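K.L.:
sequence and predicted structure below; questions after.
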Amino acid sequence: MLVAAAVCPCPPLLVPQVAAGAAPELDGARDACADALGVLAAARPDRLVVVGPAGQDASYPEGSRGSFRGFGVDLDVRLGRGRTGDTTLRLPASLAVAAWLLDRAGWADAPMEGLGVAEPLPVERCVQVGRERAGSAGRVALLVMGDASACRTLKAPGYMDDRAAGFDAEVARALAGADVEALRALDTGLARELKASGRAPWQILAGAAEGRGLGGSLLYDDAPYGVGYLVAAWS
């Protein structure tokens, strides 16, 4: 069953080597992510499931490797500290960022697996996947990676969309209140139009948290590059 969850954004810019001179601009987000991971560690889970957006649905065993070389940085990461995973299956960017955050936090508390989720995954399937992962061990924690809308400003990746701020505020309220039904009810079409990569991972969290009565706390809410970055902890 799910005992705790952390929600973090997944821009490679969270990694200081990638952000380079702009690295201090996301110090607040990095600190909030560290606090959220602290909540996971305090829950003493038997298993950690790391969920993030990807180009295709795929599972990544502990030890799977990723890299930031595609972003011009000679930096490799590994998901967890256990056995080496399938060396032919590379972590998508969202899970590589998660691996970096976990390593930065010194995570060594429980076995883990990664789960990449493609954008088209429908709500019903997301909820089912969440239920399945929550039942995979006696005490399960989720690290849920994903960004909110990418349309908050004229310079945002998706240009400016007047609907973006309201969508992000709705997600922020749901995460702050650990509102499972609100996450399930997110408009998948609107999320796609606003380029919100966290939609499917958040709805997996909703399925995992069904009936658990967890409390939520919103630790970070900003859009420094016109992309909504949210950090939350549930326990």
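P.N.:
It's in. Fair warning: this is a prediction, and the values are worked out from it, not measured in the lab. Residues are numbered from 1 along each chain as shown.
K.L.:
L190 contacts F167, correct?
P.N.:
Yes. Under the criterion of CB atoms under 8 Å, L190 makes contact with F167 at 6.2 Å. In short, each C-beta sits where N, CA and C put it, glycine included.
K.L.:
what about the two, which has more around it?
P.N.:
The neighbour count for L190 versus F167, taken as other CB atoms under 10 Å, is higher for F167 (23 against 17).
K.L.:
just the element for the more buried one, please.
P.N.:
helix 164-176 (DSSP states H and E).
K.L.:
buried sites along that helix?
P.N.:
By neighbour count on 16 or more other CB atoms under 10 Å, the buried set for helix 164-176 is 164-165, 167-168, 170-172, 174-176.
K.L.:
list the contacts of that helix.
P.N.:
Residues from elsewhere that reach helix 164-176 (CB atoms under 8 Å, 6 or more residues apart in numbering): 7, 148-152, 156, 158, 179, 182-183, 186-187, 190-191, 194, 196, 198, 202, 216-218, 221, 223, 228, 230, 232.
K.L.:
select only the buried ones of the residues you listed in ChimeraX?
P.N.:
To isolate the buried ones among the contacts of helix 164-176 in ChimeraX, judged by 16+ other CB under 10 Å, type:
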select :7,148,149,150,151,152,156,158,179,182,183,186,190,191,194,196,198,202,216,217,218,221,223,228,230,232
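K.L.:
got any ranges where the protein has weak pLDDT?
P.N.:
For the chain, residues meeting the criterion pLDDT under 70 lie at 82-88, 109.
K.L.:
what lines up beside whichever helix or strand G66 is part of in the sheet?
P.N.:
Assigned by DSSP H and E, G66 belongs to strand 65-67. Here strand 65-67 has these sheet partners by DSSP bridges: strand 76-78 (antiparallel).
K.L.:
not counting sequence-adjacent ones, nearest residue to the residue nearest to the spatial centre of the chain?
P.N.:
In the chain, the centroid-proximal residue (CA atoms, centre = their mean) is M145; its distance is 0.8 Å. In this structure, M145 finds its nearest non-sequential neighbour in G52, 3.5 Å apart by CB to CB, 6 or more residues apart in numbering.
K.L.:
quick one: the one you found from A118, how far?
P.N.:
11 Å (CB to CB, to the nearest Å).
K.L.:
out of the two, which sits in the more crowded spot?
P.N.:
G52 (27 against 13).
K.L.:
so P92 touches G116, yeah?
P.N.:
Yes. The pair P92 / G116 is scored as a contact, 4.9 Å apart, by CB under 8 Å.
K.L.:
any residues in contact with both of the two?
P.N.:
52-55.
K.L.:
hmm, back to that, so who does the residue nearest to the centre of the chain touch?
P.N.:
Taking CB under 8 Å, 6+ apart, one finds 8-10, 50-53, 94-95, 97-98, 198, 201 in contact with M145.
K.L.:
so which of these sit within helices?
P.N.:
94-95, 97-98, 201 (DSSP state H).
K.L.:
show me the helices in the chain, by range?
P.N.:
Under DSSP H, the chain gives helices at 16-19, 27-42, 93-104, 123-134, 164-176, 180-184, 188-193, 199-209.
K.L.:
now the second one: buried residues?
P.N.:
Buried residues in helix 27-42, counted by 16+ other CB under 10 Å: 29-30, 32-37, 39-41.
K.L.:
before we move on, what about the shortest one?
P.N.:
By neighbour count on 16+ other CB under 10 Å, the buried set for helix 16-19 is 16, 18-19.
K.L.:
now do stretch 108-116
P.N.:
Those would be 109-110, 112-116, for stretch 108-116 by 16+ other CB under 10 Å.
K.L.:
if anything else comes up later, I'll come back, but that's it for now.
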